[in-house]
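Q: Predicted coordinates and the sequence they were generated for:
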Amino acid sequence: MQQDNLKKREGFSSSIGVIAAVLGSAVGLGNIWKFPYVTGANGGAAFILIYLVCLALVGLPVMLSEHLIGRNTKSNAVGAFKVLQPKKPWFLVGGAGVLSAFLIMAFYTSVAGWVYAYIFKAAGGGLLSTNPKETSLVFNTLVSGVGEPLFWQMFVLLVTGTIIMAGVAKGIERVTKVLMPILFILLIVIDIRSLTLPGASEGLSFLFKPDFSKITVSVILAALGLAFFKLSVGMGAMITYGSYVGENENLPKMALKVALSDTLVSLMAGIAIFPAVFAFGFEPNAGPPLLFITIPTVFSSMPFGGVFMVLFFVLTAIAATGAMLSLLEVPVAYFTEQHNWSRRKSTLVTILGIGLLGSTATLSNSILANVTIFSKNLFDFYDFITSNILLPLGGIFIALFVGWQWGKSKVYQEISNNGQINNQGLADVFLFLVRFVVPIGITLVLLAGLKIISF
Ligand code: PHE
């Protein structure tokens, strides 16, 4: 029976497809919506440096850990831990991941819905205004509505659900392989536009000249949370995708390629946004609405801005879609494999659940505005609890599992493709990171960021 299941299990069909899918998961609203406003709000270049340190020392090792666990077990986030440690409760880490997928998707589909809506608004000329009061009216009318944002959120769920239902190779891989190159081309086009504006250099120095006086512990927690969210780690998405990766892929190389390309996309998004923002005299720290209020105003101020604005939101929608596929795949793989449901039923149940939970995030700007948890509205609560708590916690346990529980020789075997790649030195560095640096580092940042300890 187990044998049968293994034989039937689908996977990615080519190395290019693997990279497209994994990078498609990493690149998302994180790069284009979150990264610019979090960077803007936390002082620019100094924040980016801290972020890069978190990425290299913590995000990357956790990503590799997840790929190793996934490929070794050929199983979903929960099943993987059950295969490796059937008698211990490690599978709860995967269970928390499935829960995180629902919580992230709740607010992610809400923002993705605004992005999809903005493509049409931009194309129709409805966003062409150089007056921020007018563009903020468009945004506020959209988000404080009921029917319109809910419609777009459900539309996003239907699009991504349809792709997921088509399967791993025929759905996820096929779509991301086409979308990822388009995304890079669009980014390059918009970057050239932004960099050739008079006054662009001020935006560049904001991005690349650090001011360390802005760094506090909560800034470091924000950088760490962003690193996790960006690389899609800490919740089993990379275990799930790793389980579809072939035996001959070089996993450390792949994780490094993905992290570097993802960072490149974030910086390119920053270059698309900040020079333009400064060139037209806007503030960089406009918070989450940066993308939806400032950007349209900025684009409207430049020659051919209308065209670039449409391209920009198409690009953002592409990025968001690839990321959502991996978020959906976590529960879908879990339901199909652990509960023996069909892929179709698993997908339908998942998007239905996300639709219900997600509408509470969307409506937190209107009829549910008064519902708060820890003085955050539901949208902000889902975002905070996942990025700043669940993903880092998941990261600690995944690192501890690989570092202390799985067994050194098994880790060596998997990381070297059973001895085919000669990477013992790298494996030692990796083990040191997941044994000590990742768990201790995250614990300190979490406790300090949540003000449980201070120094
Ligand atoms: N990495 C995605 C982004 O940057 C978000 C994501 C988080 C995707 C967790 C999957 C899992 O937008």
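A: Okay, I see it. Numbers count the residues shown, from 1 in each chain.

Q: Now the stretch 251-400 of the chain against the ligand: closest residue?
A: Closest to the ligand within the stretch 251-400 of the chain is A323: 3.9 Å, counting by C-beta to the nearest ligand atom. The way it works is simple: take the backbone N, C-alpha and C, and place the C-beta from them, glycine included.

Q: where exactly do the strands run in the protein?
A: Using DSSP state E, the strands of the chain run over residues 372-373, 376-377.

Q: Run a quick check on K74 versus S243, I expect a contact.
A: Yes. Counting by C-beta atoms under 8 Å, K74 touches S243, with 5.1 Å between them.

Q: V371 touches A361, doesn't it?
A: No. Contact criterion C-beta under 8 Å: V371 and A361 do not qualify, at 10.8 Å.

Q: which of these two has more neighbours?
A: A361 (27 against 12; other C-beta atoms under 10 Å).

Q: where exactly do the helices run in the stretch 351-455 of the chain?
A: Ranges of helices within the stretch 351-455 of the chain are 378-384, 391-400, 408-415, 424-432, 438-449, based on DSSP state H, counting those that start in this stretch.

Q: Phi, psi for the residue nearest to L363 when sequence neighbours are not counted please.
A: Distances taken as C-beta to C-beta, 6 or more residues apart in numbering put V146 closest to L363, at 6.8 Å, once the chain neighbours are dropped. Main-chain torsions, V146, degrees, to the nearest 10: phi -120, psi -60.

Q: List the contacts of V146.
A: By C-beta atoms under 8 Å, 6 or more residues apart in numbering, V146 lies in contact with 363, 366-367.

Q: one step back: of K74 and S243, who's got more company?
A: S243 (28 against 18).

Q: and the gap between the more buried one and the ligand?
A: According to C-beta to the nearest ligand atom, to the nearest Å, S243 stands 15 Å off from the ligand.

Q: my read: that residue touches R71, true?
A: Yes. Here S243 reaches R71: they are 6.4 Å apart, a contact under C-beta under 8 Å.

Q: hang on, the earlier thing: hey, what's in contact with both of V371 and A361?
A: Common neighbours of V371 and A361 (C-beta under 8 Å, 6+ apart) are L378.

Q: residue contacts, I373?
A: Contacts of I373 by C-beta under 8 Å, 6+ apart are F381.

Q: got any ranges where the stretch 351-455 of the chain has weak pLDDT?
A: For the stretch 351-455 of the chain, applying pLDDT under 70 flags the ranges 453-455.

Q: Now F139: closest residue in space, sequence neighbours ignored.
A: F292 (4.5 Å).

Q: Count the neighbours of the one you found for me.
A: 25.

Q: That one contacts W114, doesn't it?
A: Yes. Assessed by C-beta under 8 Å, F292 is found in contact with W114 at 6.2 Å.

Q: mean confidence score for stretch 301-314?
A: For stretch 301-314, mean pLDDT rounds to 88.

Q: Name the surrounding residues that touch it.
A: 115, 118-119, 122-123, 125, 127-128, 130, 186, 189-190, 193, 197, 272, 276, 280, 295-296, 298-300.

Q: Intersect those residues with the contacts of the ligand.
A: Among those, none lies close to the ligand by the criterion of C-beta under 6 Å from any ligand atom.

Q: List only buried entries from these.
A: 115, 118-119, 122, 127-128, 186, 189-190, 193, 197, 272, 276, 280, 295-296, 298-300 (16 or more other C-beta atoms under 10 Å).

Q: So what's the residue count around the residue lying closest to F208 once chain neighbours are set aside?
A: Counting by C-beta to C-beta, 6+ apart, F208 lies nearest to A45, which is 5.2 Å off, once chain neighbours are set aside. If you count neighbours by other C-beta under 10 Å, A45 ends up with 19.

Q: confidence score at L6?
A: 47.

Q: same question, N42
A: Value listed for N42 in the pLDDT field: 84.

Q: Check the offset of stretch 191-207 from the chain's centre.
A: A distance of 26 Å separates the centroid of the chain from that of stretch 191-207, by C-alpha atoms, centre = their mean, to the nearest Å.

Q: Start and end of it, how far apart?
A: Stretch 191-207 has an end-to-end distance of 14 Å (C-alpha to C-alpha, to the nearest Å).
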